[in-house]
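Asker: Please find the sequence and the predicted model below.
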Amino acid sequence: MPEKPYNFWEELKRRKVPHVITIYIAGAFGLLEMADIVSDYINIPDFVIYIIMIAAIVGFPLAIIYSWLFISTPGGIKLRKNIDKIQWHEISHNENDIDIDEGYMALETGEMVPELIPSGEKLNFKSKRGKVYMSGSFVVIFVSVALFLFFSGKSIPFEERDLVVIADFKNLTGEEIFDNSLNTAYEISIDQSHHVNVVPYKRKQEVLKRIGKEPGTIIDDDLCRDIAIIEGAKAYITPEISRVGKQYILSSKLQETENGILITSLDYYCDSQDKILGTLDRMSKRIRRYLGESRYKMTGQSKPLEKATTSSIDALKQFSRGQECMNNMDYENAVAHFRMAIGLDSSFTTAKASLGSLLCEYYDPVEGKKWLDEAIRSIDNLTDSEKYSILVVYAVHVEKDLEKSIMYNKILIELHPERAGYRINLALDLFDQGRFEEAVIEYKHAVRLDPNNIMPYSGLTYTYNSKLRQIDSALYWAQRMISISPENQWGHFYLGVCYFERDELEKARYEFEKVREISPGIKVNLYNLAHTLIALDKFELAIEIFKNIEGARAIYDLGLCYEVMGADKLAIIQYEKYLSILESEAPDTPVNLIAKGIVLTRLGRKEEGMEIGRRGFELDSTLHYSFAQLLAVQQYPEQALYHLEKAFENGYWDLVEIKMNQELSSLKNDERYRRLIELYVN
């Protein structure tokens, strides 16, 4: 017979290599799956699963080599090249034992053994059966791989992006270092997931406030379930750390919210503080599996805590304290804690970014940019949420690129579409770009996502009032803001502004008084209240308020009240004090020169005031609104109205300032003034 050409694939099949590969991989995956499933019940350490994985990888090529070189016979495992015709004949066979591979074995010697080669019909039957076995093997391996990678392991009716609430860690060790720090680490670890939606710290604090609890109240098991019910979370987690001898025990209970049913209770052990964060990582991954997250998703959405945060529990504690201070708007102490965190771990990227952001926003932009530059170098170690949050801050404060900030905020929204905070940040960027209608859309999205968050209501009220000139819409959102937070001073403040703009002066006064009752020291509110009293002809009450406000503006406004009341000598005293301040503080700036011109006019030095004020306007010819005030005080109504209209054309429309401004009072009975207000502001 002519020699058949060599076919490598046929040779592989003859030696059963594909069959061995499929069975091997299916068995390996099955073993890993079994180890993963039972690990919770017999507490198999993670390293055991890693050893199984490594052994499976190493054993894979060995299995292929074995299949290629060896064959199993009734006489034991033999090297294929050592099996000859004589040995084959010594093996007892019956008709049912004969298969296609027996024929191939006979061919190993290079000679035909006719009595062992099946007939064409037998050969065809065996070939079909082999194909069935082969197909079945591939099905087994496919199902095994799919189960291992994509099976959710879900134990409760928890769908993707459902909410979960995490209680504060119950610290039974007596070691203060674990207070707060483990809360931060656990939340960061679980919050890496795009499957699980963790209720953020701020939102939990808002709920505490609504149910009459003090900010910072420890969230225990019962309180955690209450928050979960209020927020509509499907599950809640109550973690704990204890110690027996030198061994730490990290525990977590996962419970279903509606009935409080315990889904699972996990215990993980470690023998030193250095291993706690790694152990916490393992525990959070197991919780994520119970909530339905597949291994495939977890692979791309998990960063080790030691890289995403810090390997130092001490540093993490300082960082947690800094975050708590920042959430309470205690920025000075927040800066101090972030500095301490970096001092304990110089590679703590998130602490550097938080410090840099605060410094840029409130204290020292130069130093802040330095810390942000350092943070950006290690940004790939962070979770996606932290990474893009830092990129937003970097784009705003360092690169001065709002388009980049908008792009990163949109990525964050894609990662966490249910997070109101990212919508609010996007709205702020759009507002800064002058895209006010788009900002309104994002604020409204945020309200739908988190109806109890004050910030979007504030943004909507301010945007409608100051930029879109829709006072009725601003009034509506201010009223909604008060309905969800009656003791929030800014809701009453915005409502007072709206009422003043609508000339509902008594209502405006009530709201500004309410703000003073809640927060007595808000200077802008005191100004508004005093000017509302002036509009109501209650000058004595306005004077008492101005006397208790520090600053040059209050001194000048006090002089105005005295002048209107006819107390000219007292008015002059206040005007001269104000003039002295202007001359000592940057006297040659355009704004100060125009202000000086106004007060000199009030003091009767009209020509001098006009000359100085005109010089200020020549230095900055965009100051139409300020120059219009000088011209009105100088009794030049035509020119004052001309520059007022120019100010409106250039985009100035602060209606409350215009209506409270006493310099423009001489114009307010002029029909042309009313038409300008109607055209450009109302």
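Answerer: Looks like it came in fine.

Asker: Ala228 and Tyr236 touch, don't they?
Answerer: Yes: the pair Ala228 and Tyr236 qualifies as a contact (C-beta atoms under 8 Å) at a distance of 4.2 Å. For the C-beta atoms, the positions are set from N, CA and C on the backbone; glycine is no exception.

Asker: between the two, what contacts are shared?
Answerer: The contact sets of Ala228 and Tyr236 overlap at 164-165, 257 (C-beta atoms under 8 Å, 6 or more residues apart in numbering).

Asker: Please flag which of those residues sit within strands.
Answerer: 164-165 (DSSP state E).

Asker: Please dump the shared contacts of Ala228 and Tyr236 into a markdown table; it should also carry pLDDT, neighbour count and distance to Phe178 for every row.
Answerer: A markdown table is the format used below for the shared contacts of Ala228 and Tyr236 (pLDDT from 0 to 100; neighbours: other C-beta atoms under 10 Å; distance: C-beta to C-beta, whole Å):
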| residue | pLDDT | neighbour count | distance to Phe178 |
| --- | --- | --- | --- |
| Val164 | 90 | 24 | 22 |
| Val165 | 92 | 26 | 20 |
| Thr257 | 90 | 22 | 26 |
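
Asker: could the shared contacts of Ala228 and Tyr236 be laid out in TSV, adding distance to Trp371?
Answerer: Shown next, in TSV, are the shared contacts of Ala228 and Tyr236 (distance: C-beta to C-beta, whole Å):
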residue	distance to Trp371
Val164	33
Val165	32
Thr257	40
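
Asker: ok, of the shared contacts of Ala228 and Tyr236, which one's closest to Glu563?
Answerer: Checking those against Glu563 by C-beta to C-beta gives Val165 as the nearest, at 60.1 Å.

Asker: sorry, back to before: of all the shared contacts of Ala228 and Tyr236, which comes closest to Gly609?
Answerer: When these are ranked by distance to Gly609 (C-beta to C-beta), Val165 comes first, at 64.1 Å.

Asker: Give me the distance between that closest one and Tyr680.
Answerer: Going from Val165 to Tyr680 by C-beta to C-beta, to the nearest Å gives 50 Å.

Asker: Over to Phe158?
Answerer: Taking C-beta to C-beta, one finds Phe158 at 55 Å from Tyr680.

Asker: who's more crowded, the two?
Answerer: More crowded of Phe158 and Tyr680, by other C-beta atoms under 10 Å: Phe158, with 23 against 18.

Asker: and Gly356, how many neighbours does it have?
Answerer: 27.

Asker: Could you verify my assumption that it touches Ala375?
Answerer: Yes: under the criterion of C-beta under 8 Å, Gly356 makes contact with Ala375 at 6.2 Å.

Asker: Gly212: neighbour count?
Answerer: Gly212 sits with 7 neighbouring residues when counted by other C-beta under 10 Å.

Asker: A helix includes Ile241, no?
Answerer: No: secondary structure of Ile241 (DSSP: H, G, I helix; E, B strand; the rest coil): strand, not part of a helix.

Asker: close enough to count as contact, it and Ile177?
Answerer: No: in this structure Ile241 lies outside contact range of Ile177 using C-beta under 8 Å: 10.5 Å.

Asker: Please identify which of the two sits among more neighbours.
Answerer: Ile241 (19 against 15).

Asker: Now Leu208: closest residue in space, sequence neighbours ignored.
Answerer: Counting by C-beta to C-beta, 6 or more residues apart in numbering, Leu208 lies nearest to Thr217, which is 5.5 Å off, once chain neighbours are set aside.

Asker: again with Tyr510
Answerer: Closest to Tyr510 by C-beta to C-beta, 6+ apart is Gly496, at 7.7 Å.

Asker: give the contact list for the residue sitting nearest the centre point of the chain.
Answerer: The centroid of the chain falls nearest to Ser385 when counting by C-alpha atoms, centre = their mean (5.6 Å). Taking C-beta under 8 Å, 6+ apart as the criterion, Ser385 is in contact with 191-192, 412, 415-416.

Asker: Closest one to Asn528 out of the residues you listed, please.
Answerer: The nearest member of the contacts of Ser385 to Asn528, counting by C-beta to C-beta, is Leu412 at 36.1 Å.

Asker: okay, now the closest one: neighbour count?
Answerer: For Leu412, the tally of surrounding residues (other C-beta under 10 Å) stands at 22.

Asker: What number of residues are in the vicinity of the nearest residue to it once chain neighbours are set aside?
Answerer: Spatial nearest neighbour of Leu412, excluding adjacent residues (C-beta to C-beta, 6+ apart): Tyr422 at 4.4 Å. By the criterion of other C-beta under 10 Å, Tyr422 has 27 neighbours.

Asker: Strands along this protein, start to end?
Answerer: Under the criterion DSSP E, the chain contains strands at 70-73, 76-79, 163-166, 170-171, 197-198, 235-244, 247-256, 262-270.

Asker: Could I get those strands in JSON lines, plus columns for distance to Glu206?
Answerer: Below are those laid out as JSON lines (distance: least, C-beta to C-beta, whole Å):
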{"stretch": "strand 70-73", "distance to Glu206": "69"}
{"stretch": "strand 76-79", "distance to Glu206": "70"}
{"stretch": "strand 163-166", "distance to Glu206": "13"}
{"stretch": "strand 170-171", "distance to Glu206": "23"}
{"stretch": "strand 197-198", "distance to Glu206": "15"}
{"stretch": "strand 235-244", "distance to Glu206": "17"}
{"stretch": "strand 247-256", "distance to Glu206": "22"}
{"stretch": "strand 262-270", "distance to Glu206": "27"}
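
Asker: Many thanks, I have nothing further to ask.
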